[in-house]
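**Student:** my questions concern the predicted model and sequence given below.
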Amino acid sequence: MKRYPKRATLLAVISTAACSIAASPAAAQGGAPGGTPAGKLGASSAAPVERSSAGKSGRDLATFFGPGFFGRTTACGTVLGHATIGVAHRTLPCGTRVEIRYAGRRLVVPVIDRGPYATGVTWDLTSGAAQALGFSGRDYVAAATLGSGPVPPR
């Protein structure tokens with residue numbers, strides 16, 4: 001019978017990691033690590049990060065995506081264009097309305113895609129939403145989920 005010391009070590013590492021995740025502040029607040037890149041346009045192989053403050057208000061790191069994805073269909077079925085207003089999130093259902101606040105501006109947008117998959121980033125704004133908020137690059141935004149339903153006109 002063969003022995004598999006590497007496999008036993010791997011199992012010990014996995015179970016230790018699972019215990020530390022269960023004891024993390026995010027797990028205590030109902031969050032959990034994970035997310036799958038299925039359906040995300042241009043998904044990278046970055047490690048999954050903790051779930052955002054879905055259903056709560058908070059400040060989360062955001063980025064934006066755009067020109068390289070124009071004309072492509074998002075995970076929620078929206079064809080992305082330069083004026084498309086929306087946001088990508090790993091776990092919120094498609095169509096969930098989210099209020100994003102940045103630099104004194106407020107915008108209510110629907111979840112239209114999955115992602116982002118960069119480590120530590122919670123929201124991925126479309127270039128239309130980023131432009132409406134005066135957002136560029138990578139920064140913190142205040143976000144609150146508002147539930148599902150139609151997004152009110154701007």
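**Tutor:** Cool, got the structure. Just so we're clear, the structure is a prediction, and the values are computed from it rather than from any experiment. Numbering: from 1, shown residues only.
**Student:** ranges for the helices of the chain?
**Tutor:** With DSSP state H as the criterion, the chain has helices at 5-22, 25-28, 127-133.
**Student:** low-confidence ranges in this structure?
**Tutor:** Scanning the chain for pLDDT under 70 picks out 1-57, 150-154.
**Student:** ranges for the strands of it?
**Tutor:** 57-65, 87-88, 96-102, 105-113, 123-126, 139-148 (DSSP state E).
**Student:** which among these is found nearest to A132?
**Tutor:** With CB to CB as the criterion, A132 lies closest to strand 105-113 of the strands of the chain, at 5.4 Å. Backbone N, C-alpha and C define where each C-beta goes, glycine included.
**Student:** name the helices or strands packed onto the closest one?
**Tutor:** In terms of contacts (3 or more CB pairs under 8 Å, 6 or more residues apart in numbering; DSSP states H and E), strand 105-113 is packed against strand 87-88, strand 96-102, strand 123-126, helix 127-133.
**Student:** given the shortest one, what are its sheet partners and their directions?
**Tutor:** Same thing as strand 87-88. Take DSSP bridges as the rule and strand 87-88 pairs in its sheet with strand 105-113 (parallel), strand 123-126 (antiparallel).
**Student:** could you list the residues in contact with it?
**Tutor:** Counting by CB atoms under 8 Å, 6 or more residues apart in numbering, strand 87-88 makes contact with 40, 65, 74-75, 98, 100, 109-116, 123-126, 129, all of which sit outside it.
**Student:** could you do the third one as well?
**Tutor:** Defining contact as CB under 8 Å, 6+ apart, one finds that strand 123-126 is touched by 52, 60-66, 80, 84-89, 98, 100, 109, 112-113, 115-116, 133, 135, 141, 143.
**Student:** what subset of those residues is buried?
**Tutor:** 52, 60-66, 80, 84-89, 98, 100, 109, 112-113, 115-116, 133, 135, 141, 143 (16 or more other CB atoms under 10 Å).
**Student:** any idea what T73 is bridged to?
**Tutor:** Note on T73: beta-bridge partners V79, judged by DSSP bridges.
**Student:** residues near it, how many?
**Tutor:** Counted with other CB atoms under 10 Å, residues neighbouring T73 total 13.
**Student:** from D113, how far out is it?
**Tutor:** T73 sits 9 Å away from D113, going by CB to CB, to the nearest Å.
**Student:** how about W123?
**Tutor:** Going from W123 to D113 by CB to CB gives 11 Å.
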